[in-house]
Each structure stands twice: as structure tokens, then as C-alpha cells.
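Participant: the sequence and its predicted three-dimensional model are supplied below.
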Amino acid sequence: SQQGEEDPQALSIQEGENATMNCSYKTSINNLQWYRQNSGRGLVHLILIRSNEREKHSGRLRVTLDTSKKSSSLLITASRAADTASYFCATSNSGNTPLVFGKGTRLSVIA
Amino acid sequence: EAGVAQSPRYKIIEKRQSVAFWCNPISGHATLYWYQQILGQGPKLLIQFQNNGVVDDSQLPKDRFSAERLKGVDSTLKIQPAKLEDSAVYLCASSLGAATGELFFGEGSRLTVL
């Protein structure tokens, strides 16, 4: 079963605007990860945030984690047409359990 | 560094036929995963290997799906007989060790069952 649930399902913005995607999950986690998938390609890891962290940055990406609300957000600043892709959050429980992915947010950045 | 290799990239078969997908993980990665991704959905884990042993195959439809990872390197996923609902992309991923780390994905094998 899928633990993470992204919101919105689809998002369309103009180039240069910021894009925010949210992820909610149900059970306690060890870490939460965000992946990008371009059409017809495999998933690419973007960022990992551990359960004891609240915010993390990587280039134009900013991820926050609120374990009390069981939610995370991914912010892409100054979006580009090349950011057009599906974005998935994935959660890992403690131990050797595998990542469980959400259904994803489809982001379209219009030039 | 070479990435995760998968083949074939595309396969079209009739229902009740069989198909096999191959995956070569990144060198040195002990953990290998097969995920199924149906159009418009997120990847769903089918099976996880640690070296050549199965860690989790709870969501693998064992009446028709099988997977092996001989010698703890390459892996093969087989479907026999295929059903219409097996149409999906089959993604292979690998990681260095612990399942909680970053996964590296291949480009996937797209299966169409007619």
C-alpha cells in the first residue's frame, strides 16, 4: 500500500514562479525522500530529510518536514521548463523496510 | 559511474504469454528492488533483495511473478502467464545497503499486454 500522498495531483505554473508540492503520510518514519521522474524515464533522487530534521536545502530545492502533522513540502524556486516532471515523495520506516512511494504530483512549467 | 541497466526497454506481448526483464545494478550495491509502476501512479514494490537473498516479496503475485538474483548481482523478473493488468513499467533500483538510503533507478522496462 502507498503511504505518502502528494497534493496537488497536478500543478501548472509559469517559468520563474515557485512551485510547492505537499506530501502527507500515515505512520512514523525514519526519513522522507523526494524523487523526480521525467516522462518515460526512471526516478531520480532529489533530497532526503531525516525524521529529526525540519528543513533542508539543495540548490533551488527546499524541503520541510513536520513530523507532528506527518507532512512534508517540496518547494522549487524560480522554476524552469526543464523542471516539468512528476515528483514523488517516498517514506521509510525504521529498520530494513523498503521505500513506499506516493502517487506523485505532475508539474508543468510553461515557458 | 555506470547507472542501473535494464532491458528490454519496451515489450509487447499477448495475454497468457511470458516475459522476462533483466537488471544490472550499480557495481557494489548490495540491495536490489523491483518496482511496478502503472500509468499515473507511483512505483509499487514487488520484491527486495539483499545480496542474493529475498528481504521482502510480500506484494509479489507469486502465482505468476518470479524473480531471482543469482550471485548477488544481476536480477531477472519473470511474468508467466501475463494478464492485461500487468501492463506497466517495471523499474529496477539499487542501493548501497540499508533500505532507508537513496535509491538509484534504471530507465525501466515498459510492458504492454494485449
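Facilitator: Looks like it arrived, so ask away. Residues are numbered from 1 along each chain as shown, chains lettered A, B, ... in the order given.

Participant: flag every residue of chain A that's near chain B.
Facilitator: A:2, A:4, A:30-31, A:33, A:35, A:40-45, A:48, A:88, A:92, A:94-104 (Cβ under 8 Å from any Cβ of the partner chain). Bear in mind the C-beta positions are built from the backbone N, C-alpha and C, glycine included.

Participant: poorly predicted segments of chain B, please.
Facilitator: Counting by pLDDT under 70, chain B shows low-confidence ranges at B:1, B:98-100.

Participant: B:Leu111 pairs with what?
Facilitator: B:Lys11, B:Ala88 (DSSP bridges).

Participant: count of neighbours near it?
Facilitator: 20 (other Cβ atoms under 10 Å in any protein chain shown).

Participant: I'd say it and B:Arg9 touch.
Facilitator: No - contact criterion Cβ atoms under 8 Å: B:Leu111 and B:Arg9 do not qualify, at 10.5 Å.

Participant: lowest-pLDDT helix or strand in chain A?
Facilitator: Lowest by mean pLDDT, DSSP states H and E among the helices and strands of chain A is strand A:5-7, with a mean of 87.

Participant: buried stuff in the very next helix or strand once past that one?
Facilitator: Note on strand A:5-7: by DSSP states H and E, the next helix or strand toward the C-terminus is strand A:10-14. Across strand A:10-14, burial judged by 16 or more other Cβ atoms under 10 Å in any protein chain shown covers A:Leu11, A:Ile13.

Participant: indicate each strand paired with whichever helix or strand comes after strand A:10-14 and its parallel or antiparallel sense.
Facilitator: Downstream of strand A:10-14, the next assigned helix or strand under DSSP H and E is strand A:19-24. In the sheet, strand A:19-24 lines up against strand A:5-7 (antiparallel), strand A:71-76 (antiparallel) (DSSP bridges).

Participant: what's the angle between strand A:19-24 and strand A:10-14?
Facilitator: Interaxial angle, strand A:19-24 versus strand A:10-14 (axes from the mean of the first three to the mean of the last three Cα atoms, to 10 degrees): 160 degrees.

Participant: which of the residues of chain A next to chain B count as buried?
Facilitator: Using 16+ other Cβ under 10 Å, the buried ones in the residues of chain A next to chain B are A:2, A:4, A:30-31, A:33, A:35, A:42-43, A:45, A:48, A:88, A:92, A:97-104.

Participant: the chain: helices as residue ranges?
Facilitator: Because you didn't say which chain, this covers chain A. Per DSSP state H, chain A carries no helices over any range.

Participant: quick one on the thing from earlier: just the ones in strands from the buried ones among the residues of chain A next to chain B, please.
Facilitator: A:Asn31, A:Gln33, A:Tyr35, A:Leu43, A:His45, A:Leu48, A:Phe88, A:Ser92, A:Val100, A:Phe101 (DSSP state E).

Participant: contacts for the helix or strand harbouring B:Tyr90?
Facilitator: According to DSSP H and E, B:Tyr90 maps onto strand B:88-95. Here strand B:88-95 makes contact (Cβ atoms under 8 Å, 6 or more residues apart in numbering or on different chains) with A:42-43, B:4, B:6, B:21, B:23, B:25-26, B:29-39, B:43, B:46, B:75, B:77, B:101-106, B:108-111.

Participant: any idea how far A:Thr64 lies from A:Ser71?
Facilitator: 9 Å (Cβ to Cβ, to the nearest Å).
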